[in-house]
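1. model this:
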Amino acid sequence: MPKYIEKADIMTLPVIPLRGVVAFPSIPVSFEIDRDISKAACNAAEEGDARVLLVTQTDIDCEHPKRSDVYRIGCAARIKQTLRTPEDTIRVIAEGFARAEITGWRENNGYIVADVMAKNFELNEEPDVKIEAAMRALISSLERRVESGRVSRDVLTTAKTIRSPGILCDFIASGVLLRYQNKQLVLDEFDPVRRLALTAKLIEGETELIETEAMIHGRVRASLSEAQREHYLREQLRVIREELGDDIEDDVEEYQKKIKKIAMPEEVRKKLLKEVARLQQTQIGSPEATLLRNYLDTCLELPFDRQTADRVDIAVAEKILNEDHDGLKEVKERILEYLAVKQLSPTLRHQIICLVGPPGTGKTSIAMSIARALKRKYVRVSLGGIRDEADIRGHRKTYIGAMPGRIINALIQVKVKNPLILLDEIDKLTRDAHGDPASALLEVLDAEQNKNFRDHYIEFPFDLSNCMFICTANTLETIPKPLIDRMEIIELSAYTRSEKLSIAKNHLIPKQCKRHGLDRRRFIIREEAILEIIDYYTREAGVRNLEREIASLCRKAAREIVTQNKKSIIIKAEDIKSYLGGRKIIPEHISPVDEVGVVNGMAYTETGGDLLKIEAVVMDGTGKLELTGSLGDVMKESAKLAISYIRAHAKSLGVDPDFYKNKDIHLHVPEGAVPKDGPSAGVAILCAITSALTGRPARSDISMTGELTLTGNVLPIGGLKEKTSAAYAAGVRRILIPKDNEADLEKIDGVVRNGAQFVLMSSASDALKEVFAQRNRPLMMHITTPELPRTQALADDIPSAPVRAPYKNA
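-> This is a model prediction of the structure:
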């Protein structure tokens, strides 16, 4: 006997009852739902993990099925795609993953929920001779059925490639058996070997019935005169069409009219007319006729000749962009540049834009504003979690339940050929055995190729060059380089404190007041109250949590207005605690006194910037270097590099040349549970260790960032805007940055630029002089790079490093 691996799982799933349709594991199934309980179950599944129970009703006329009205065995499936139709139905494509026995049944929030035992049986070895013989017998039964003319040869070709006995039975039952009761019998059988015999028996029975029916009709026709035969056939055809609500000739005529009326490429017209001719020759009610109808309906919904006119008024477009969003200057300028060039060159090809930035910084919403500014239709395609190439390119139409890919579906949805398509979360694409969706996007996002984009379902090229694609991502690290090469990258940095304040006043508060029914004249949040929320209740790069806190204020204010009959509510900073509770965040502050071995560095994080304290202590020992604080490999190398630099310059720095033999150094970065890495702390690490070795206090009112080389040069770093904003918020008013980052000062927040002094350093000596200088030392306004004297390198009378203080925007 063959050996099986049984996989069982207990789960609770929303239920979609099916009428006349049976779903099988590993077989895609397509169906439409119009009942409220089914729509609610579909929505609940999509909000969760997309898993649902598909179970067939015993009585297809039952509108509100109970447990007794459905079969005991159903199919646990994942919803792959949904499409809302104008008739208020939902077209669903799902794929089963296990047979499921119902053990519990109850109603929940307008839909049915079932407790099920999901089971799968798999052979843990190659099929033996008996199973191979049973599979061949089943294929032979299928061949006989194909000869009867009711089944496409494509089904037989696909069946011969399947090696799993269980999947073979499910595939044949799904696509070949006519009666849903027979399909259910196959679904009820868990054992793959017994399922082989059962499926073969059912196919043979239906084939016998078809052949007997054909023989009887042949005898009747032979006994009738030619006139009677013609009358009989026409009458029979009329009755069948009335019963099925189906008239192929009428459909063919309607399709031909539409194809001739729509302006489409001649190659496409010939292709569709050929498919109409095939439909005309198919039998009524056959699976192939249904496939052809779905295919033609989908193709004729494509917007071959429909498009909207772009708004070319740059002033109006700029006004719309500024109304909808504060900041995002680089994105807005890029769109206005596009409009200007569009006026001069109407045939301009669209450059693909990719907006990269932390969550909540307005990537998705700015795309909607761009569509409004350009007066284009907007459609969003979510790419998060997609791992199948067919989601982009579609399934071949010969597959059961085949549908076009998401790009073509998006065009059908907006009904124009030049929409703005947002490819959201492009960095969340994954790949598996079904293909690489990122590779499928290469053709979509290539301006040279997308004019001939070919979806597997429609089987002819469609021009995407009129579409404007905007992609969003949180990081570039997970996006393949060929895909990055096809896009123009625009990085969105974290919002500064002043930008968040402006966004809250101009957008978030009006939006939440409207949503909660509050009159702006009766509900006022003072500016200092908003800053209190920003500083002590949220820590993020964007404004999502800020909006949640404002929404919480609105809810509590609405309750006070209703229950206490208050005419107006004014929220001040001191009132925030009573509404939102105690402060959730303790911000970083610089130390009021200078300490030995403690230096302020700066870090860039997902939520913006942070002040990074670096602590070093020296003890008698044997030259060990201890590193703590969840430091990454790059930071550990920076510490070793700093030690080497100090050893090489020990005499000029006033350090014992033999410190590496008789002293142990411990370097620590607080918040040990938070991983830290990167090269930009190199200068700060050097200053902290030097301070500890010399016993001289390091100034606590300055912070620094910069990568250190072995020869003492300071290299440029990234994230300067976020780092300096965090340092300024912590009380730092003198900031050391690499000289090569001087151009980046233009991008720094205006409040920080005007309120802080920026020291430009090109070498380690510049940083060391600043760290050990007296606080009241005058600033040098010219840029110099002085040499470090060997014996007095840390003396207070050494000229200062280059300074820009304060930085002003001319």
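
2. so where's this structure shaky on pLDDT?
-> For the chain, the stretches with pLDDT under 70 are 1-6, 122-127, 149, 218, 220-231, 234-235, 237-250, 284-285, 433-434, 775-810.

3. Can you dump the C-alpha atoms of the strand ranked longest in it in CSV for me?
-> Using DSSP state E, we find that the single longest strand of the chain is strand 90-108. These are the backbone C-alpha positions of strand 90-108, laid out as CSV (Å, rounded to 0.1, in the frame of the first residue of the first chain):
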residue,chain,number,x,y,z
ILE,A,90,-18.4,40.7,-7.2
ARG,A,91,-16.4,38.5,-9.5
VAL,A,92,-14.0,36.4,-7.4
ILE,A,93,-11.1,34.3,-8.4
ALA,A,94,-9.9,32.0,-5.7
GLU,A,95,-7.6,28.9,-5.4
GLY,A,96,-8.2,26.1,-3.0
PHE,A,97,-5.5,24.8,-0.7
ALA,A,98,-7.2,22.0,1.3
ARG,A,99,-10.4,19.9,1.6
ALA,A,100,-12.3,21.0,4.7
GLU,A,101,-14.8,19.2,6.9
ILE,A,102,-17.3,21.5,8.6
THR,A,103,-17.4,21.0,12.4
GLY,A,104,-19.2,24.2,13.4
TRP,A,105,-21.5,26.8,11.8
ARG,A,106,-22.7,30.2,13.1
GLU,A,107,-23.6,33.7,11.9
ASN,A,108,-21.3,36.6,12.7
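
4. buried stuff in that strand?
-> 90-96, 98-102, 105 (16 or more other CB atoms under 10 Å). C-beta here means a position set from N, CA and C on the backbone, and glycine is covered the same way.

5. which one among those residues gets closest to His516?
-> Ile90 (31.2 Å; CB to CB).

6. Would you agree the closest one is in contact with Arg35?
-> No: using CB atoms under 8 Å, Ile90 is not in contact with Arg35, being 10.2 Å away.

7. how is the chain carved up into domains?
-> According to automatic domain parsing, the chain comprises the domains 4-123, 129-220, 226-300, 314-491, 497-580, 595-804.

8. Now do the buried residues in stretch 158-168.
-> Thr158, Ala159, Ile162, Pro165, Gly166, Ile167, Leu168.

9. and the helix or strand containing Val113 with strand 90-108, angle?
-> Assignment of secondary structure by DSSP states H and E places Val113 within strand 111-123. Using axes from the mean of the first three to the mean of the last three CA atoms, to 10 degrees, the direction of strand 111-123 lies 110 degrees away from that of strand 90-108.

10. Please point out which parts of strand 111-123 sit buried.
-> Of the residues in strand 111-123, Tyr111, Ile112, Val113, Ala114, Asp115, Val116, Ala118, Lys119, Asn120, Phe121, Leu123 count as buried by neighbour count, 16+ other CB under 10 Å.

11. Among those, which one lies nearest to Asn466?
-> Nearest to Asn466, judged by CB to CB, of the buried residues of strand 111-123 is Tyr111 at 40.7 Å.

12. For that closest one, give its distance to Tyr71.
-> Plainly put, Tyr111 is 19 Å away from Tyr71 if you go by CB to CB, to the nearest Å.

13. Who are the contact partners of Ala558?
-> Contact analysis of Ala558 by CB atoms under 8 Å, 6 or more residues apart in numbering lists His516, Gly517, Leu518.
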